[in-house]
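Visitor: Sequence and predicted structure are below.
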Amino acid sequence: MTSPVFLGMPKPQELRPATRPGRRYFVRTFGCQMNEHDSERIAGLLESDGMVPAPSLPEADVVVLNTCCIRENADNKLYGNLGHLKPLRAANPGMRIVVGGCLAQKDRELIRQKAPWVDVVLGTHNLHRVLTLLDHAEEWGPVTEIWEETSSVEDIPSALPVHREVPHSAWVTITIGCNNSCTFCIVPIVRGREISRRPGDIVREVQGLVAEGVIEVTLLGQNVNSYGRDLDMNGRRPLFAELLRRVGAVDGIERIRFTSPHPKDFGAEVAEAMAETDAVCEQLHLPLQSGSDRILAAMHRGYNAARFLDKLDAARAAIPGLAVSTDIIVGFPGETEQDFQDTLEVVARARFDSAYTFMYSARPGTPAADLPDQVPPDVAGERFDRLIELQAAITLELNEGLVGERVEVLTEGPSRKDPSMATARSRTNKIVHLPGEYPSGQFLEAEIIAAAPHHLVGRTA
Ligand code: SAM
Ligand code: SF4
């Protein structure tokens with residue numbers, strides 16, 4: 001059966017009375033914080049329609065897979081999940097399956113060809129249409145709706161209902177899309193050109209969140225440092241550093257984080273604003289990608305290793321106690337053993353608190369996918385292991401250096417692995433496990449008594 005494909009720019013729907021009271025939903029998210037935040041909105045919309053979370057996927061009436069396409073294994077994961085859903089959908093004719101997000105934006109009808117049992121396919125620009133499209137699927141059968149772009153700031157779905165996992169902490173989108181052209185990256189293709197929200201709208205959203213009990217916000221954008229370049233506020237452009245200060249001035253906001261700044265655009269004014277705004281946490285995610293100047297140039301990153309390290313040193317000098325995390329790709333086309341050694345050298349010098357490490361994955365449609373000299377998977381895999389080993393040793397060393405220190409932590413509820421322990425987070429974004437039960441959203445002072453590679457252990461007495 002062919003399904004209708006709508007391409008165009010209808011306006012966001014009005015919220016409507018609940019039509020699915022008591023029906024159960026399950027949202028599975030793949031990918032980054034942007035997708036996590038989109039999933040919160042999808043869950044919020046489903047709840048505004050009367051639905052409640054299902055305890056597990058097979059018990060759900062509506063299953064939403066919110067997809068990512070940054071790396072190829074994301075495709076494999078989606079089609080694996082859809083394969084498992086096929087018999088469930090066949091056994092439960094009332095079940096509806098929705099596929100949304102970046103992979104849906106990219107693959108569109110391919111998803112329906114490979115998995116005709118999917119009811120709704122929607123892209124990155126129209127997630128707020130999920131209820132309308134579910135209604136359509138009920139009445140008319142499977143539907144695919146992909147918008148080509150988000151045409152204006154009014155279409156950014158910031159005012160939608162949201163279901164937050166941690167009630168005191170919220171993501172706030174400040175930009176969508178990306179104007180950079182990193183040669184490995186598919187984000188500009190699936191998320192479109194960069195659009196910034198107006199500072200006043202962002203501040204109002206944060207004030208509204210505080211009124212709902214939120215005390216921590218994470219500002220989200222693919223390159224937060226280019227925030228405001230597309231805005232004209234009476235002849236001038238608002239800067240990210242100003243936005244940080246304005247959000248920091250909102251009464252009741254205790255912690256501000258942001259992700260990601262781009263090293264090429266990360267300047268002294270942002271480090272100063274971080275240092276001078278009490279609520280901004282001593283945490284920076286600064287994606288390195290590679291330590292080789294040759295590879296950085298081939299990636300179109302716009303900085304070299306020395307410049308990256310200079311910016312890192314300047315940020316650390318401006319912000320005492322700053323913890324830094326990064327992203328690194330191993331096995332970019334043409335990467336030699338010497339290029340990789342350069343990466344290891346920068347990692348050893350930078351002493352990141354943590355790193356998200358990725359094996360390069362060729363994404364069709366990106367310039368790097370067509371480069372010669374694709375690195376064989378076994379070579380990339382072996383380099384990947386060496387990088388992880390080096391970073392794990394640095395992370396553990398830095399964590400061990402914190403033993404004996406007293407730090408402010410914010411509780412997040414019981415630990416998933418050991419319910420006799422509570423999980424909390426330091427301002428530097430480190431997970432701290434504490435014995436005892438604490439309500440989520442409580443500030444405590446903890447003494448760090450032990451360190452592990454991915455968490456710390458503390459006590460409050
Ligand atoms: N905008 C962010 C920035 O510039 O740092 C990155 C966003 S992307 C969702 C997150 C990370 O995925 C990137 O920093 C990069 O390390 C990794 N990534 C992106 N494309 C990739 C690819 N084709 N293969 C492997 N890793 C990739
Ligand atoms: Fe992708 Fe580069 Fe944009 Fe980040 S800055 S989203 S890596 S194109």
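Guide: Perfect, I can see it now. Ligands and ions are numbered 1, 2, ... in the order given.
Visitor: contacting residues around Glu294?
Guide: Wrong residue type there; residue 294 is Arg, not Glu. Residues in contact with Arg294 (CB atoms under 8 Å, 6 or more residues apart in numbering) are 334, 339. Glycine gets a C-beta too; all of them are placed from N, C-alpha and C.
Visitor: buried residues in the helix or strand encompassing it?
Guide: Using DSSP states H and E, Arg294 maps to helix 293-298. For helix 293-298, the neighbour count (16 or more other CB atoms under 10 Å) marks 293-296, 298 as buried.
Visitor: For Pro142, see how far away Ser325 is.
Guide: Distance, Ser325 to Pro142, by CB to CB, to the nearest Å: 41 Å.
Visitor: For the chain, which residues are neighbours of ligand 1?
Guide: The interface of the chain toward ligand 1, taken as CB under 6 Å from any ligand atom, is made up of 32, 70-71, 184-185, 187, 222-223, 260, 262, 287, 289, 327, 329, 358, 360-361, 363.
Visitor: Put the buried members of the residues you listed into a ChimeraX selection.
Guide: Restricted to buried positions by 16+ other CB under 10 Å, the ChimeraX selection for the residues of the chain next to ligand 1 reads:
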select :32,70,71,184,185,187,222,223,260,262,287,289,329,358,360,361,363
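Visitor: Inside helices: which ones of the residues of the chain next to ligand 1?
Guide: Judged by DSSP state H, the residues of the chain next to ligand 1 include Val187 as members of helices.
Visitor: Tell me the residues of this structure that contact ligand 2?
Guide: 178, 180, 182, 185, 187-188, 222-223, 262.
Visitor: Can you name the next helix or strand after the helix or strand bottoming out on mean pLDDT in the chain?
Guide: Sorted by mean pLDDT, DSSP states H and E, the helices and strands of the chain end with strand 5-6, the least confident at a mean of 40. Heading C-terminal from strand 5-6, the first helix or strand you meet, by DSSP H and E, is strand 24-29.
Visitor: got the CA coordinates for that next one in PDB?
Guide: C-alpha atoms of strand 24-29 as PDB (Å, rounded to 0.1, in the frame of the first residue of the first chain):
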ATOM      1  CA  ARG A  24      -0.600   3.500  26.900                       C
ATOM      2  CA  TYR A  25       2.400   4.800  25.100                       C
ATOM      3  CA  PHE A  26       6.100   3.900  25.000                       C
ATOM      4  CA  VAL A  27       8.800   6.200  23.500                       C
ATOM      5  CA  ARG A  28      12.200   4.700  22.700                       C
ATOM      6  CA  THR A  29      14.900   7.300  21.900                       C
END
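Visitor: From the contact counts, what lies against that strand?
Guide: For strand 24-29, the contact count by 3 or more CB pairs under 8 Å, 6 or more residues apart in numbering; DSSP states H and E identifies helix 33-48, strand 52-53, strand 62-67 as packing neighbours.
Visitor: Pick the most buried one from those.
Guide: strand 62-67 (a mean of 26; mean count of other CB atoms under 10 Å).
Visitor: What average pLDDT does it get?
Guide: For strand 62-67, mean pLDDT is 96.
Visitor: cool, and stretch 352-371?
Guide: Mean predicted confidence for stretch 352-371 is 96.
Visitor: Also stretch 253-270?
Guide: Mean predicted lDDT for stretch 253-270 stands at 96.
Visitor: end-to-end on it?
Guide: From its first residue to its last, stretch 253-270 covers 19 Å (CA to CA, to the nearest Å).
Visitor: Stretch 56-64 too?
Guide: 12 Å.
Visitor: what's the answer for stretch 245-259, then?
Guide: Its start and end residues considered, stretch 245-259 measures 16 Å (CA to CA).
Visitor: Show me what it is in contact with.
Guide: Applying CB under 8 Å, 6+ apart, the contact partners of stretch 245-259 are 33, 172, 174, 199, 202-203, 206-207, 210, 214-221, 224, 244, 273, 276-281, 283, 285, 410, 427, 429, 443.
Visitor: Looking at the buried residues of helix 293-298, which is nearest Ala137?
Guide: For those, the closest approach to Ala137 (CB to CB) belongs to Ala298, at 44.1 Å.
Visitor: Run a quick neighbour tally on Lys417.
Guide: Lys417 has 9 neighbouring residues, counting by other CB atoms under 10 Å.
Visitor: for Leu122, that is, sorry about that
Guide: Neighbours of Leu122 using other CB under 10 Å come to 28.
Visitor: Over to Ser420: give its phi and psi.
Guide: Backbone torsions of Ser420, given as degrees, to the nearest 10, read phi -80, psi -10.
Visitor: pretty sure it is in contact with Leu434, am I right?
Guide: No. Contact criterion CB atoms under 8 Å: Ser420 and Leu434 do not qualify, at 10.3 Å.
Visitor: Distance check, the residue nearest to Ile186 when sequence neighbours are not counted against Glu109.
Guide: Spatially, and ignoring its direct neighbours in sequence, Ile186 is nearest to Arg363 (4.3 Å; CB to CB, 6 or more residues apart in numbering). According to CB to CB, Arg363 stands 19 Å off from Glu109.
Visitor: Also Val375?
Guide: 32 Å.
Visitor: Looking at those two, which has the bigger crowd around it?
Guide: Remark: of Val375 and Glu109, Val375 carries more neighbours, 20 against 13, as counted by other CB under 10 Å.
Visitor: Test my guess that that one contacts Glu337.
Guide: No. Val375 is beyond contact range of Glu337, at 10.4 Å (criterion: CB under 8 Å).
Visitor: so what's in contact with these two at the same time?
Guide: Counting by CB under 8 Å, 6+ apart, nothing touches both Val375 and Glu337.
Visitor: distance between the helix or strand in which Ala74 is found and the chain's centre?
Guide: Element membership for Ala74 (DSSP H and E) is helix 72-91. Remark: helix 72-91 is offset 23 Å from the chain centroid, using CA atoms, centre = their mean, to the nearest Å.
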